[in-house]
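fold the following and give me the result.
(2 chains)
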Amino acid sequence: MARPNPLSGFPEWLPDGRVVEQHVLKVLQHTFELHGFAGIETRAVEPLDQLLRKGETSKEVYVLRRLQADPEEPEAGDKQLGLHFDLTVPFARYVLENAGRLAFPFKRYQIQKVWRGERPQEGRFREFVQADIDVVGAGELPYHYEVELPLVMAEALGALRAIGVPEVRILVNNRKVAEGFYRGLGLDDVEGVLRQVDKLDKIGPDAVAELLVAEQGATPEQAKACLELAAVSGTDASVVEQVRALAASYDAVTDLLETGLAELRALVEAAAQRAPGVVVADLKIARGLDYYTGSVYETVLVGHEQLGSICSGGRYDTLASDGKNTYPGVGLSIGVSRLVSRLLSANLVTATRGVPTAVLVAVADEESRGASDDVAAALRARGIPVDVAPTAAKFGKQIKYADRRGIPFVWFPGAPGEDGVRGPDQVKDIRSGAQVDADAAAWEPPAEDLWPRVMPAGE
RNA sequence: GUGGCUAUAGCUCAGUCGGUAGAGCGCCUGGUUGUGGUCCAGGAGGUCGCCGGUUCAAGCCCGGUUAGCCACCCCA
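The predicted model follows:
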């Protein structure tokens, strides 16, 4: 078979990259659990009609079909299935399905692959891992969760700084602020205005103003107000005063705006105390998705803003609804693959090795392989990951075998002397070359060499 | 889905005016007395993405196709 080429958009890491990814996943899971989120996993597929609820994204859903199914005949009795393209839709379905057995407010984390039929690009994949946290309430959900959730993410991402992940900025806004402001101005197509404002970074304020006038029917005065709102950002409650003053100057103060501002203030003030500098109120954050109703979040890696958001989400008053009960939620999702791919490609983070092995036991000749296996067993019994050399090649080659894999120690079983008595074993640290007598029943590697570690690159 | 660019050794890339293919790195072997990395010598490895056309002759020119990259859309 000819050598296959990688499939674009379906990332696969080499073993040392996987070590980095698994470390990231472990830190995220640990942080989520520290905050009381329960882990769940949902199936990879959902009925297509469920998946299409999210509108625009529907074009990107991969549908599932048996190879032998007749394309003309609809699947008898079965609903058409598609791979989930996020973890929110499956979670909403899960909540409805298990509403009677769950305790609300329900806090869950979920780390799984998702699939989107997109055109791949750096940091944009067709198969990737998301790590979600959500809190969902029955009927109501207190606002303070909108403060808590981004702070959990700030803590999780902050914990990753130890391995070389750059600082993050969690940009926050509140739909009620935007909607209240626009309506106060007399602009009723809130979604339309948000979509235009969302283009600010890409096409600039002048072009957005033109679009607002041309597409949304705004007056130049209204467009100017929208841009002024979008220009507001900051890390403390002064942004609230700025917005209020701005609204007052256009006589656009509404109850909804005031509600939103109170919420935004609570978030900014709590963040200033618990995660100073991380959470930034940014009134131009729009988020295209229309189901957000309160706080919205986007997260960028400082110095890697072009990568896009690595962690986004928001509040949705109707995460799930069975017609009788509604379940409001708030959640955020980390794009683990997007984050990890940048950590690896920009050489920000490295693993000390791609294999778990701390010690390679050399084999002098095939007759004495048993002695090497005995050493390996003794070390493993004490929790040390060990491999035995594949062939009784020259010791130079066996050392090379270890070196290529990043295995720090090579163990030489003692050779029988003239008297037939086996001499002492020796262990060599192949980084320093230091070689000393050692006993497999007692020797231990330095703690930092026991398992692969993940650390900032270039140290 | 729309547009632009690219495709030569495992990797990164040269290849002039069309004249049968190159470097660096990596890999393998050796430099005798079980011990790697440096150094030296040697070696393996390519249907120039694929199909067709022009030409005496195509890696190079033309058409198609596939894949990849980038931007848009959208988003993690």
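
so, low pLDDT: which residues of the stretch 51-200 of chain A?
Low-confidence segments of the stretch 51-200 of chain A, defined by pLDDT under 70, span residues A:53-58, A:69-78.

interface residues of it facing RNA strand B?
Proximity of the stretch 51-200 of chain A to RNA strand B, by CB under 7 Å from any atom of the strand, involves residues A:56-57, A:86, A:116, A:118-125, A:128, A:130, A:195, A:199. C-beta: built from backbone N, CA, C; applies to glycine.

can we see that at 10 Å?
Along the stretch 51-200 of chain A, the residues adjacent to RNA strand B under the rule CB under 10 Å from any atom of the strand are A:54-57, A:59-60, A:85-88, A:114-132, A:194-196, A:198-199.

equivalent analysis for the stretch 351-459 of chain A, please.
When proximity is defined by CB under 10 Å from any atom of the strand, the stretch 351-459 of chain A lies next to RNA strand B at A:362-365, A:367-368, A:392-404, A:406-408, A:410-416, A:423, A:426, A:428-435.

ok, now with 7 Å
Checking the stretch 351-459 of chain A against RNA strand B by CB under 7 Å from any atom of the strand, the hits are A:364-365, A:394-397, A:399-400, A:403-404, A:412, A:415, A:426, A:428, A:430-431, A:433, A:435.

of those residues, which belong to strands?
Judged by DSSP state E, these include A:412, A:426, A:428, A:435 as members of strands.

for the last one, report the pLDDT, please.
Pointing back at residue A:435 there. Per-residue confidence for residue A:435 comes out at a pLDDT of 93.

contacting residues around the nearest residue to it once chain neighbours are set aside?
Nearest residue to residue A:435, sequence neighbours excluded (CB to CB, 6 or more residues apart in numbering): residue A:428, at 4.0 Å. Residues near residue A:428 by CB atoms under 8 Å, 6 or more residues apart in numbering: A:399, A:409-412, A:434-435.

ok, the residue lying closest to residue A:86 once chain neighbours are set aside - contacts?
In space, not counting the residues next to it along the chain, residue A:86 is nearest to residue A:114; the distance is 5.5 Å by CB to CB, 6+ apart. Residues touching residue A:114, when contacts are defined by CB under 8 Å, 6+ apart, comprise A:83-87, A:127-130.

helix or strand: which one has the closest residue to residue A:219 other than its chain neighbours?
For residue A:219, the nearest residue in space outside its immediate sequence neighbours is residue A:213; the separation is 7.3 Å by CB to CB, 6+ apart. In this assignment (DSSP states H and E), residue A:213 forms part of helix A:200-216.

and residue A:316, by the same measure?
Secondary-structure element containing residue A:316, defined by DSSP H and E: strand A:311-321.

hmm, that strand in reach of RNA strand B?
Yes: with CB under 7 Å from any atom of the strand as the measure, strand A:311-321 is seen reaching RNA strand B through A:311-312.

so what are the sheet partners of that strand and their directions?
Paired strands of strand A:311-321, with direction, are strand A:295-301 (antiparallel), strand A:326-335 (antiparallel) (DSSP bridges).
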